[in-house]
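K.L.:
Have a look at this prediction, sequence included:
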Amino acid sequence: GAVVSQHPSRVICKSGTSVKIECRSLDFQATTMFWYRQFPKQSLMLMATSNEGSKATYEQGVEKDKFLINHASLTLSTLTVTSAHPEDSSFYICSAGEGAGQQETQYFGPGTRLLVL
Amino acid sequence: GNSVTQMEGPVTLSEEAFLTINCTYTATGYPSLFWYVQYPGEGLQLLLKATKADDKGSNKGFEATYRKETTSFHLEKGSVQVSDSAVYFCALSPYNFNKFYFGSGTKLNVKP
């Protein structure tokens, strides 16, 4: 099946710094990608929809200035956590869809674990 | 709103035991329902799905039936294997097939 990669897989940073996470669809193009975050022992929470060539759409309660999303090409979306704080420590997962309509299948990346000290 | 509730884990079973992981949902409209599996160190993989009421999704011996009357999508397998040890997520997609709402995940441990 299709593959979605994320980089880095794990990152540790100091409080106040910014961290960029990449999500790539390796063998297909995706006009839309999605970003989720997962706290320990909790469900994946949808953060935003990343739209190629236009602004991302954020879920209620997610700060768009805190979590910057750029979907520069059909195979790459980036999530930048700006001025990171310890409460931003989490597991971030992206997904991308292949196909259309009822035949669309979402493929998930392996996730990026962020630890803010 | 849209939400998914699934049973807390971990669930520990012996090999060849019967598995049930409960999942119930609330949704607007007529969602599609999914089970995803996450093996250690890997990303989520689609296990099975059902797009309308009474549909049964099945894959690798796992089954789940879309029950609109009970708003449920319980995952079952007749005989689990050690290789089934993973975290299982129930999810719904309310309007289309890309935006998901997930349950909290249920970790399954299968002992030989």
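P.N.:
Yep, it's here.

K.L.:
alpha carbons only for contacts and neighbour counts from here, please
P.N.:
OK.

K.L.:
With adjacent residues omitted, what lies nearest to residue A:91?
P.N.:
In this structure, residue A:91 finds its nearest non-sequential neighbour in residue A:113, 4.5 Å apart by C-alpha to C-alpha, 6 or more residues apart in numbering or on different chains.

K.L.:
Over to residue B:25?
P.N.:
Leaving aside its sequence neighbours, residue B:25 sits nearest to residue B:4 (C-alpha to C-alpha, 6+ apart; 4.4 Å).

K.L.:
Tell me, how many residues neighbour the one you found?
P.N.:
22 (other C-alpha atoms under 10 Å in any protein chain shown).

K.L.:
number of nearby residues for residue A:50?
P.N.:
28.

K.L.:
ok, it - contacts?
P.N.:
With contacts defined as C-alpha atoms under 8 Å, 6 or more residues apart in numbering or on different chains, the neighbours of residue A:50 are A:32, A:33, A:34, A:35, A:56, A:57, A:69, A:70, A:71, A:77.

K.L.:
partner residues bridging it?
P.N.:
residue A:33 (DSSP bridges).

K.L.:
now it: how far from residue B:107?
P.N.:
Note on residue A:50: its distance to residue B:107, by C-alpha to C-alpha, to the nearest Å, is 29 Å.

K.L.:
related to what we said a few turns ago, may I ask which two of the contacts of residue A:50 are separated the most?
P.N.:
Within these, A:57 and A:77 form the most distant pair, 13.2 Å apart (C-alpha to C-alpha).

K.L.:
My read is that residue B:90 contacts residue B:103, right?
P.N.:
Yes - Residue B:90 is within contact range of residue B:103, at 5.3 Å (criterion: C-alpha atoms under 8 Å).

K.L.:
Can you give me the distance of the residue nearest the centre of chain A to residue A:94?
P.N.:
The centroid of chain A falls nearest to residue A:35 when counting by C-alpha atoms, centre = their mean (3.4 Å). Using C-alpha to C-alpha, residue A:35 is found at 4 Å from residue A:94.

K.L.:
Show the average pLDDT along stretch A:18-37.
P.N.:
Averaged over stretch A:18-37, pLDDT sits at 93.

K.L.:
Can you measure across it, start residue to end residue?
P.N.:
17 Å.

K.L.:
From the chain's centroid, how far away is it?
P.N.:
A distance of 6 Å separates the centroid of the chain from that of stretch A:18-37, by C-alpha atoms, centre = their mean, to the nearest Å.

K.L.:
cool, stretch A:23-38 as well?
P.N.:
7 Å.

K.L.:
Name the residues of stretch B:30-41 that are buried.
P.N.:
For stretch B:30-41, the buried set under the neighbour-count rule, 16 or more other C-alpha atoms under 10 Å in any protein chain shown, comprises B:31, B:32, B:33, B:34, B:35, B:36, B:37, B:38.

K.L.:
cool, and stretch A:63-83?
P.N.:
A:64, A:67-71, A:74-82.

K.L.:
among these, which are in strands?
P.N.:
A:67, A:68, A:69, A:70, A:71, A:76, A:77, A:78, A:79, A:80, A:81 (DSSP state E).

K.L.:
So what sits opposite the nearest residue to the fifth one once chain neighbours are set aside in the bridge?
P.N.:
So the one you mean is residue A:71. Nearest residue to residue A:71 in three dimensions, chain neighbours excluded: residue A:77, at 4.2 Å (C-alpha to C-alpha, 6+ apart). Listed beta-bridge partners, residue A:77: residue A:23 (assigned using DSSP bridges).
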